[in-house]
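using only what follows, build the 3D model:
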Amino acid sequence: MPKDLELLVSPEIAFHPEAVRTEAIRRTRSPKNSRVIVIRRSIDARQKEVRMRLFTRLFLPNEPDEPTYTERDFKTVSSDLRVAVIGSGPAGLYAALKLIEHGIKPIILERGKDVRSRRRDLAAIHKEHIVHPDSNYCFGEGGAGTYSDGKLYTRSTKRGDVQSILQTLVQFGASPDILIDAHPHVGTNKLPAVIAAMRDQILSAGGEIHFETAMANLKIDHGQVTGVITRENKLIPANAVILATGHSARDVFELFAAQQWAIEFKPFALGVRAEHPQSVIDRVQYHCEDRGPWLPPASYSLVEKTEDKSVFSFCMCPGGIIAPCATSPGEIVTNGWSPSKRNNPWANSGIVVPLSWTDIPTHHARGALAGMAFQQSIEQSAWVAGGKTQAAPAQRMTDFVEGRLSQTFPTCSYQPGLTAARLDQLFPAFISDTLRKGFIAFGKKMKGYYTDEAVLVGPESRTSSPVRIPRDPATLEHPDVKGLYPCGEGAGYAGGIVSAAIDGERCATAIIVKMLSS
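Modelled structure (predicted):
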């Protein structure tokens, strides 16, 4: 019977399979030709000397190996049933793949471009400060995650089978390392190829994908959705609709408000991107001047409760860059991403403050759209502060805390450039005050974190959807529109690639159960 064994080893051993096998055999006194696989891998930096914690499984020479995972079987669509999937982010793609497994035809409508064409519009933001409203870091094939890092860490283990989601990514080309790393990560440079492979599978099975095709409205007969109306006034007939448009599809929220379909305000968080030299974070976390060739760039996770509020790190990107993620001209939005090797010289993270309904009284007249309106006001003010370009308002961390304009900046990864600005004048006082207290507290928790080598770039405003589109807990259908399934981050039911994929599968499963049982 295979033996499970936990090993605490040096990073150099951890990333050499033969060295791991030798160590496991030595510890268990097993035959020298035994086989060893790593099931889980994480970093243990609690002591001065950093170690890697490995959960391994040892097979004796006469024991068969266990399969790493079983590939999903996608058959050709055979049913006349059609489901329109609005959006090709992780929720939409995983929903489409689940429908195909059960013979139901998905018709994906994506307002943006395919991953290859999308790159030109991203370059235009960086170099020319031009924001294409339908093709940017948030909109396009693969959704916001495609060019925003591909981090796969989630706490959504109770919502669905996380390992199955990761295995599907591996099936379509992601590194098998994501199945064992405690904080798995595909990388912005590799995720587009994975997304393209998913697209090819959907098309080869008989599904449809329509790029540069935005939903303008729904066709509803007697309270039941019967199709999607595009901006070109074309009707796409459908037996059901999965709405997976992402957290930045403000026109969708406006449509719901105009049609008086139920929507709700949802709490979200807002703040800045904090960028350090990666060497600073490595030194703080690994207790050494040089992490060496085997340790990955260090990350961090921080939270601090102040008198009235809390402040926390969000979407931390070791070895990454800060990206311009506006979805409309006249606004600035920041986010972060890392390539698969995480080999850039900077580390950045969102540092954000949670916002509730009572925090934004000046926007209450917008009702359920109050949070969205508040987001917009901050982003538009940032654009003005940035000289009406994508050059983001910024401050050194110490200057922000001490209330002075920065005269110079350290080298920063944000390619459109920085504009010296008082970030405390960009945000309401309660956000600025909470951020100040947070940075001071973080500096005490992580010696060296609070430094003038760090730069703050604002705003980090799209942490999650500011709107929730309600659905029946049992059927997952919208209460006002039967056959409509609000899904993923944009509907307020997910917070990242994995949880969005899980929710996409949940909505698809609800449709499958309803359609195949009727």
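
for the rest of this, base every contact and every neighbour count on C-alpha atoms.
OK.

am I right that residue 322 sits in a helix?
No: going by DSSP: H, G, I helix; E, B strand; the rest coil, the assignment for residue 322 is strand, not a helix.

how close does it get to residue 351?
Residue 322 is 13 Å from residue 351, where distance means C-alpha to C-alpha, to the nearest Å.

next, show the common contact partners of these two.
Shared contacts of residue 322 and residue 351 (C-alpha atoms under 8 Å, 6 or more residues apart in numbering): residue 273.

list the contacts of the spatially closest residue to residue 376 that is not a sequence neighbour.
Leaving aside its sequence neighbours, residue 376 sits nearest to residue 331 (C-alpha to C-alpha, 6 or more residues apart in numbering; 7.6 Å). With contact set as C-alpha under 8 Å, 6+ apart, residue 331 has these partners: 376, 379-383, 390.

what helix or strand does residue 331 sit in?
Of the helices and strands defined by DSSP states H and E, none includes residue 331.

what is the most widely separated pair among the contacts of residue 331?
376 and 390 (15.1 Å; C-alpha to C-alpha).

neighbour-wise, which of those two wins?
Residue environment comparison for residue 376 versus residue 390 gives the larger neighbour count to residue 390, 33 against 18, counting by other C-alpha atoms under 10 Å.

wait, that one touches residue 327, no?
No: applying C-alpha atoms under 8 Å as the test, residue 390 and residue 327 come out as separate, 11.7 Å apart.

which of the contacts of residue 331 has the most neighbours?
So for the contacts of residue 331 (other C-alpha under 10 Å), the most neighbours sit at residue 390, 33 neighbours.

test my guess that residue 468 contacts residue 262.
No: applying C-alpha under 8 Å as the test, residue 468 and residue 262 come out as separate, 9.2 Å apart.

looking at these two, which is more packed in?
With other C-alpha under 10 Å as the criterion, residue 468 and residue 262 differ in neighbour count, and residue 468 comes out ahead with 23 against 16.

so who does the more buried one touch?
Going by C-alpha under 8 Å, 6+ apart, the list of residues near residue 468 reads 263-266, 490-493.

same deal with residue 290?
For residue 290, the contact set (C-alpha under 8 Å, 6+ apart) comprises 279, 282-283.

surely residue 122 touches residue 136?
Yes: between residue 122 and residue 136 there is a contact at 5.7 Å, judged by C-alpha under 8 Å.

please say which of these two ends up with more neighbours.
More neighbours surround residue 136 than the other of residue 122 and residue 136, with 28 against 22 (other C-alpha under 10 Å).

now the more buried one: how far from residue 124?
Counting by C-alpha to C-alpha, the gap from residue 136 to residue 124 is 9 Å.

and for residue 232?
Distance from residue 232 to residue 124, counting by C-alpha to C-alpha: 26 Å.

likewise for residue 469?
With distances defined as C-alpha to C-alpha, the gap from residue 469 to residue 124 amounts to 33 Å.

so residue 218 is in which element?
Assigning secondary structure by DSSP H and E places residue 218 in strand 215-221.

got a list of what residue 373 touches?
By C-alpha under 8 Å, 6+ apart, residue 373 lies in contact with 363, 366.

quick one, phi psi at it?
Per-residue torsions, residue 373: phi -60, psi -40 (degrees, to the nearest 10).

quick one, strands of the stretch 201-350 of the chain?
Read by DSSP state E, counting those that start in this stretch, the stretch 201-350 of the chain holds these strands, from start to end of the chain: 208-211, 215-221, 224-230, 235-237, 240-243, 264-265, 268-277, 303-305, 310-317, 321-324, 334-337, 346-355.

so what's the residue count around residue 129?
Residue neighbour count, defined by other C-alpha under 10 Å, stands at 18 for residue 129.

so residue 326 touches residue 130, yeah?
No: using C-alpha under 8 Å as the test, residue 326 is too far from residue 130 to be in contact (9.8 Å).

more neighbours, these two?
Set side by side, residue 326 and residue 130 give different neighbour counts by other C-alpha under 10 Å, the larger being at residue 326 (26 against 19).

distance check, the more buried one against residue 64.
Going from residue 326 to residue 64 by C-alpha to C-alpha gives 52 Å.

so how far is the helix or strand containing residue 378 from its chain's centroid?
With elements taken from DSSP H and E, the one containing residue 378 is helix 370-385. With C-alpha atoms, centre = their mean, to the nearest Å as the basis, helix 370-385 stands 21 Å off its chain's centre.

tell me the strands beside the very next helix or strand once past it, with direction?
On the C-terminal side of helix 370-385, the closest following helix or strand by DSSP H and E is strand 392-396. Each strand paired with strand 392-396, and its direction, by DSSP bridges: strand 418-420 (parallel), strand 455-460 (antiparallel).
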